[in-house]
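Enquirer: The following comprises the amino acid sequence and a computationally predicted model.
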Amino acid sequence: MIASLTLPGVERSAAHVRAFTRDAVGEGHPALDDVQTCVNEAFVNGVEHTASGRGGTVTVRFVAAGDLVAEVTDDGAGGQRPVLRDDPFGEDGRGMRIIDALADAWGVRADGERTTVWMRFAGPLPVRGGA
């Protein structure tokens with residue numbers, strides 16, 4: 001585990017998620033912009049479409065697994081999980097299309113009632129404890 005943060009499932013938490021991502025991944029990481037965008041999309045999806053946005057929380061984690069892996073865990077949506085929609089021009093599903101385009105790999109796993117969207121990014125792992 002590189003870093004973890006749990007925040008209330010409210011829109012104003014998204015700014016904290018972006019800052020946390022920048023701090024955890026590091027300004028010099030070549031995929032920082034993509035990581036921030038994907039983590040933000042997964043966070044906002046959790047707030048908008050799950051119990052996290054109705055008084056719950058969302059947890060963001062960064063894990064060293066060969067590459068950098070970002071995980072966003074929400075409180076779940078009654079067993080429904082995020083999917084990549086077929087219609088690129090549809091009103092819904094844009095967040096997952098963005099994640100699909102920017103992350104090297106991604107997936108979804110059930111954690112009990114909760115749902116985790118994980119995203120893998122190539123590049124050096126963040127250095128902890130100084131230079």
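Expert: Sure thing, it's come through.
Enquirer: going forward, measure contacts and count neighbours with C-alpha atoms only.
Expert: Noted.
Enquirer: Looks to me like Leu5 is in a helix.
Expert: No: according to DSSP: H, G, I helix; E, B strand; the rest coil, Leu5 belongs to no helix; its state is strand.
Enquirer: how much space between the closest residue to Glu71 other than its chain neighbours and Ala65?
Expert: Among residues not flanking Glu71 along the chain, Trp118 sits closest, at 4.3 Å (C-alpha to C-alpha, 6 or more residues apart in numbering). Using C-alpha to C-alpha, to the nearest Å, Trp118 is found at 12 Å from Ala65.
Enquirer: Of the two, give the one with the bigger neighbour count.
Expert: Legend: neighbour count by other C-alpha atoms under 10 Å for Trp118 and Ala65, higher for Trp118 (24 against 10).
Enquirer: Let's see the host helix or strand of the more buried one as PDB, backbone CA atoms only.
Expert: Using DSSP states H and E, Trp118 maps to strand 114-121. Below are the C-alpha coordinates for strand 114-121, written out as PDB (Å, rounded to 0.1, in the frame of the first residue of the first chain):
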ATOM      1  CA  ARG A 114     -19.000  -2.300  -1.900                       C
ATOM      2  CA  THR A 115     -17.500  -2.000  -5.400                       C
ATOM      3  CA  THR A 116     -13.900  -1.400  -6.300                       C
ATOM      4  CA  VAL A 117     -12.800   0.000  -9.600                       C
ATOM      5  CA  TRP A 118      -9.100  -0.600 -10.100                       C
ATOM      6  CA  MET A 119      -6.900   1.000 -12.700                       C
ATOM      7  CA  ARG A 120      -3.300   0.200 -13.600                       C
ATOM      8  CA  PHE A 121      -0.800   2.700 -14.900                       C
END
